[in-house]
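Q: mind looking at a prediction? Sequence and model below.
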Amino acid sequence: MELHFLVTEDESSGWLVASALGHGIVTQAENETDLKIAIRDAIQCHFDEGMAPAIVRLHFSKEETLSFV
């Protein structure tokens, strides 16, 4: 089983926010290294022992606005 997280940047704080697709898991951290630790901790809390997915994929999304006016 694989678990996919969508990672975005919070506009107000600049922190990274990871939301698991199809599961009620959301966590955040100030940088990518700390986010990976937070995701691991959140997965361990969410799943029963031995039931956590073997593969976790992070999908980073960055939104930019361009103005040509």
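A: Great, that's in hand. This is a predicted model, so every value here is computed, not measured. Residues are numbered from 1 along each chain as shown.
Q: and the gap between Lys62 and Gln44?
A: Distance of Lys62 to Gln44, given as CB to CB, to the nearest Å: 28 Å. (C-beta placed from N, C-alpha, C; glycine too.)
Q: so those two - more neighbours on which side?
A: Gln44 (11 against 7; other CB atoms under 10 Å).
Q: what's the host helix or strand of the more buried one packed up against?
A: For Gln44, the host element (DSSP states H and E) is helix 32-46. Packing partners of helix 32-46 (3 or more CB pairs under 8 Å, 6 or more residues apart in numbering; DSSP states H and E): strand 2-9, strand 16-20, strand 26-29, strand 55-60.
Q: how about that helix as PDB, C-alpha atoms only?
A: Taking C-alpha atoms only, helix 32-46 is exported to PDB below (Å, rounded to 0.1, in the frame of the first residue of the first chain):
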ATOM      1  CA  GLU A  32      11.400  19.800   4.500                       C
ATOM      2  CA  THR A  33      13.600  17.800   6.900                       C
ATOM      3  CA  ASP A  34      11.300  18.400   9.900                       C
ATOM      4  CA  LEU A  35       8.200  17.800   7.700                       C
ATOM      5  CA  LYS A  36       9.400  14.300   6.900                       C
ATOM      6  CA  ILE A  37       9.800  13.600  10.600                       C
ATOM      7  CA  ALA A  38       6.300  15.000  11.300                       C
ATOM      8  CA  ILE A  39       4.800  12.900   8.500                       C
ATOM      9  CA  ARG A  40       6.400   9.700   9.900                       C
ATOM     10  CA  ASP A  41       5.100  10.500  13.400                       C
ATOM     11  CA  ALA A  42       1.600  11.300  12.100                       C
ATOM     12  CA  ILE A  43       1.500   8.000  10.200                       C
ATOM     13  CA  GLN A  44       2.600   6.100  13.300                       C
ATOM     14  CA  CYS A  45      -0.300   7.700  15.200                       C
ATOM     15  CA  HIS A  46      -2.900   7.200  12.500                       C
END
